[in-house]
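>>> Model the following, please.
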Amino acid sequence: NRIIQDIGGNLYFSTGSGSTRGIYEISGAPTTIGNTAVSLINASTLGSVSPYDFSFNANLTIAYIADSDAYTTSSGFGGIEKWTYNGSAWVFQYSLPTVGVGAVGLAVDFSGANPIVYATSADGTSLFDVVDTGSSSTASALATAAANTAFRGLDFAPVAVPEPSTLALAGLGLTGLIVVFRKRNRKS
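Numbers count the residues shown, from 1 in each chain. I've put the predicted structure just below:
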(Lines give C-alpha, C1' and ligand atoms only; values in the text may rest on other atoms or scores of the structure.)
Protein backbone atom coordinates (compact mmCIF):
# COMPACT_ATOMS: atom_id res chain seq x y z
CA ASN A 1 0.00 0.00 0.00
CA ARG A 2 1.29 3.43 -0.90
CA ILE A 3 -1.38 6.07 -0.32
CA ILE A 4 -4.49 5.65 1.85
CA GLN A 5 -7.44 8.08 1.81
CA ASP A 6 -10.87 8.26 3.42
CA ILE A 7 -13.32 9.45 0.77
CA GLY A 8 -16.96 9.73 1.72
CA GLY A 9 -16.55 7.27 4.60
CA ASN A 10 -14.90 4.57 2.49
CA LEU A 11 -11.23 3.63 2.52
CA TYR A 12 -9.29 3.94 -0.75
CA PHE A 13 -5.66 2.98 -1.31
CA SER A 14 -3.09 2.60 -4.06
CA THR A 15 -0.66 -0.25 -4.53
CA GLY A 16 2.22 -0.76 -6.92
CA SER A 17 2.65 -4.49 -6.37
CA GLY A 18 2.83 -6.91 -9.32
CA SER A 19 -0.41 -7.58 -11.20
CA THR A 20 -2.47 -5.79 -8.54
CA ARG A 21 -1.18 -2.28 -9.32
CA GLY A 22 -3.97 0.26 -9.06
CA ILE A 23 -6.58 1.86 -6.81
CA TYR A 24 -8.75 -0.16 -4.40
CA GLU A 25 -11.75 0.50 -2.18
CA ILE A 26 -12.86 -0.99 1.12
CA SER A 27 -16.45 -0.08 1.98
CA GLY A 28 -16.84 1.76 5.26
CA ALA A 29 -14.15 2.34 7.84
CA PRO A 30 -12.81 -1.12 8.70
CA THR A 31 -12.20 -1.80 12.38
CA THR A 32 -11.59 -5.55 12.15
CA ILE A 33 -9.60 -7.92 9.93
CA GLY A 34 -11.05 -9.76 6.96
CA ASN A 35 -12.39 -6.79 4.96
CA THR A 36 -12.47 -7.21 1.19
CA ALA A 37 -10.66 -4.71 -1.02
CA VAL A 38 -12.32 -4.17 -4.40
CA SER A 39 -10.15 -3.24 -7.38
CA LEU A 40 -11.49 -0.02 -8.91
CA ILE A 41 -8.70 0.93 -11.28
CA ASN A 42 -6.44 -1.88 -12.42
CA ALA A 43 -3.44 0.09 -13.68
CA SER A 44 -1.50 -3.13 -14.39
CA THR A 45 -3.52 -3.39 -17.63
CA LEU A 46 -1.35 -0.56 -18.95
CA GLY A 47 1.88 -2.50 -18.56
CA SER A 48 4.74 -1.04 -16.55
CA VAL A 49 3.07 1.56 -14.34
CA SER A 50 3.69 2.46 -10.74
CA PRO A 51 0.73 4.29 -9.10
CA TYR A 52 1.17 6.46 -6.02
CA ASP A 53 -1.13 9.32 -5.03
CA PHE A 54 -4.60 9.73 -6.56
CA SER A 55 -7.53 12.13 -6.60
CA PHE A 56 -11.21 11.73 -7.54
CA ASN A 57 -13.70 14.43 -8.47
CA ALA A 58 -16.74 14.86 -6.19
CA ASN A 59 -18.90 12.50 -8.29
CA LEU A 60 -16.22 9.79 -8.41
CA THR A 61 -16.32 9.81 -12.22
CA ILE A 62 -12.85 11.24 -12.93
CA ALA A 63 -9.61 10.08 -11.33
CA TYR A 64 -6.03 11.26 -11.68
CA ILE A 65 -3.23 8.93 -10.62
CA ALA A 66 0.38 9.95 -10.01
CA ASP A 67 2.61 7.38 -11.72
CA SER A 68 6.27 7.31 -10.72
CA ASP A 69 7.20 5.97 -14.16
CA ALA A 70 8.20 8.61 -16.69
CA TYR A 71 5.68 9.56 -19.35
CA THR A 72 6.70 8.33 -22.77
CA THR A 73 5.00 9.18 -26.04
CA SER A 74 5.70 5.66 -27.32
CA SER A 75 3.71 3.95 -24.56
CA GLY A 76 1.19 6.78 -24.02
CA PHE A 77 1.17 6.33 -20.25
CA GLY A 78 3.22 7.19 -17.18
CA GLY A 79 3.42 10.60 -15.53
CA ILE A 80 -0.10 11.53 -14.45
CA GLU A 81 -2.85 9.24 -15.71
CA LYS A 82 -6.44 10.38 -16.27
CA TRP A 83 -9.17 7.76 -15.84
CA THR A 84 -12.95 8.14 -16.24
CA TYR A 85 -15.82 6.00 -14.97
CA ASN A 86 -18.33 5.06 -17.69
CA GLY A 87 -20.99 3.70 -15.35
CA SER A 88 -19.62 0.17 -15.17
CA ALA A 89 -15.80 0.38 -15.36
CA TRP A 90 -12.86 2.77 -15.05
CA VAL A 91 -11.27 3.52 -18.44
CA PHE A 92 -7.80 4.97 -19.06
CA GLN A 93 -8.05 8.20 -21.10
CA TYR A 94 -4.52 9.58 -21.47
CA SER A 95 -1.44 10.63 -19.55
CA LEU A 96 -0.36 14.13 -18.69
CA PRO A 97 3.33 15.05 -18.77
CA THR A 98 5.41 15.88 -15.71
CA VAL A 99 8.39 18.07 -14.82
CA GLY A 100 11.17 15.68 -13.86
CA VAL A 101 10.66 11.92 -13.83
CA GLY A 102 7.12 10.68 -13.15
CA ALA A 103 4.98 11.82 -10.21
CA VAL A 104 4.31 10.68 -6.63
CA GLY A 105 2.41 13.45 -4.81
CA LEU A 106 -0.85 14.76 -6.29
CA ALA A 107 -3.67 17.22 -5.55
CA VAL A 108 -6.31 18.31 -8.06
CA ASP A 109 -8.41 21.48 -8.21
CA PHE A 110 -11.66 20.40 -9.89
CA SER A 111 -13.39 23.79 -9.42
CA GLY A 112 -12.89 25.14 -12.96
CA ALA A 113 -13.80 23.95 -16.44
CA ASN A 114 -10.36 22.33 -16.78
CA PRO A 115 -8.98 20.57 -13.69
CA ILE A 116 -5.60 21.82 -12.48
CA VAL A 117 -3.35 18.98 -11.38
CA TYR A 118 -0.57 19.80 -8.89
CA ALA A 119 2.11 17.17 -8.43
CA THR A 120 5.59 16.39 -7.16
CA SER A 121 8.09 14.61 -9.36
CA ALA A 122 9.10 11.04 -8.52
CA ASP A 123 12.72 12.12 -8.14
CA GLY A 124 11.61 14.76 -5.58
CA THR A 125 13.16 17.70 -7.42
CA SER A 126 10.04 19.47 -8.73
CA LEU A 127 6.66 20.81 -7.72
CA PHE A 128 4.62 21.43 -10.86
CA ASP A 129 1.13 21.89 -12.27
CA VAL A 130 -0.71 20.81 -15.40
CA VAL A 131 -3.98 22.34 -16.59
CA ASP A 132 -5.82 19.37 -18.11
CA THR A 133 -6.86 20.52 -21.56
CA GLY A 134 -6.40 17.04 -23.01
CA SER A 135 -3.58 14.74 -24.02
CA SER A 136 -1.51 17.64 -25.40
CA SER A 137 -1.43 19.52 -22.05
CA THR A 138 1.93 20.82 -20.81
CA ALA A 139 3.43 20.82 -17.33
CA SER A 140 4.83 23.97 -15.70
CA ALA A 141 7.41 23.99 -12.92
CA LEU A 142 6.28 25.88 -9.81
CA ALA A 143 9.29 25.21 -7.56
CA THR A 144 12.54 23.29 -7.47
CA ALA A 145 13.72 21.56 -4.30
CA ALA A 146 16.76 23.08 -2.62
CA ALA A 147 19.95 21.04 -2.26
CA ASN A 148 19.56 18.04 0.07
CA THR A 149 15.77 18.38 0.16
CA ALA A 150 12.92 16.78 -1.78
CA PHE A 151 9.23 17.27 -2.53
CA ARG A 152 7.14 14.18 -1.75
CA GLY A 153 3.49 14.20 -0.68
CA LEU A 154 1.10 16.96 -1.67
CA ASP A 155 -2.32 18.00 -0.39
CA PHE A 156 -4.49 21.09 -0.19
CA ALA A 157 -4.58 22.70 3.24
CA PRO A 158 -8.01 23.38 4.70
CA VAL A 159 -9.23 26.98 4.64
CA ALA A 160 -8.98 28.64 8.04
CA VAL A 161 -12.42 29.38 9.45
CA PRO A 162 -12.77 31.26 12.74
CA GLU A 163 -14.19 29.22 15.57
CA PRO A 164 -17.73 30.20 16.60
CA SER A 165 -16.43 31.23 20.02
CA THR A 166 -14.11 33.77 18.38
CA LEU A 167 -17.01 35.28 16.45
CA ALA A 168 -19.21 35.26 19.58
CA LEU A 169 -16.56 37.10 21.60
CA ALA A 170 -16.11 39.66 18.83
CA GLY A 171 -19.90 40.17 18.74
CA LEU A 172 -20.06 40.62 22.53
CA GLY A 173 -17.20 43.10 22.41
CA LEU A 174 -18.92 45.10 19.68
CA THR A 175 -22.21 45.05 21.62
CA GLY A 176 -20.38 46.32 24.72
CA LEU A 177 -18.84 49.19 22.75
CA ILE A 178 -22.23 50.18 21.34
CA VAL A 179 -23.80 50.20 24.85
CA VAL A 180 -20.97 52.34 26.25
CA PHE A 181 -21.19 54.72 23.27
CA ARG A 182 -24.97 55.12 23.69
CA LYS A 183 -24.68 55.77 27.44
CA ARG A 184 -22.09 58.48 26.82
CA ASN A 185 -24.25 60.12 24.16
CA ARG A 186 -27.31 60.19 26.48
CA LYS A 187 -25.32 61.96 29.23
CA SER A 188 -24.22 64.74 26.91
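
>>> Doesn't Thr32 lie inside a helix?
No: using DSSP: H, G, I helix; E, B strand; the rest coil, the assignment for Thr32 is coil, not a helix.

>>> Could you measure from it over to Phe13?
Thr32 sits at a distance of 17 Å from Phe13 (criterion: Cβ to Cβ, to the nearest Å). Just so you know, the C-beta spots here come from the backbone N, C-alpha and C atoms, and that holds for glycine as well.

>>> In terms of neighbours, single out the busier of these two.
Set side by side, Thr32 and Phe13 show unequal neighbour counts under other Cβ atoms under 10 Å, the larger going to Phe13 at 16 against 5.

>>> before we move on, could you check phi and psi at that one?
phi -150, psi 160 (degrees, to the nearest 10).

>>> so how far is Ala141 from it?
Phe13 sits 29 Å away from Ala141 when distances are taken as Cβ to Cβ.

>>> what ranges of the protein fall below the confidence cut-off?
For the chain, the stretches with pLDDT under 70 are 17-19, 44-48, 70-77, 160-188.

>>> residues in contact with the residue nearest the centre of the chain?
Central residue check for the chain by Cα atoms, centre = their mean: the C-alpha nearest the mean position is that of Ala107, 2.8 Å away. Residues in contact with Ala107 (Cβ atoms under 8 Å, 6 or more residues apart in numbering) are Ser55, Val117, Tyr118, Ala119, Leu154, Asp155, Phe156.
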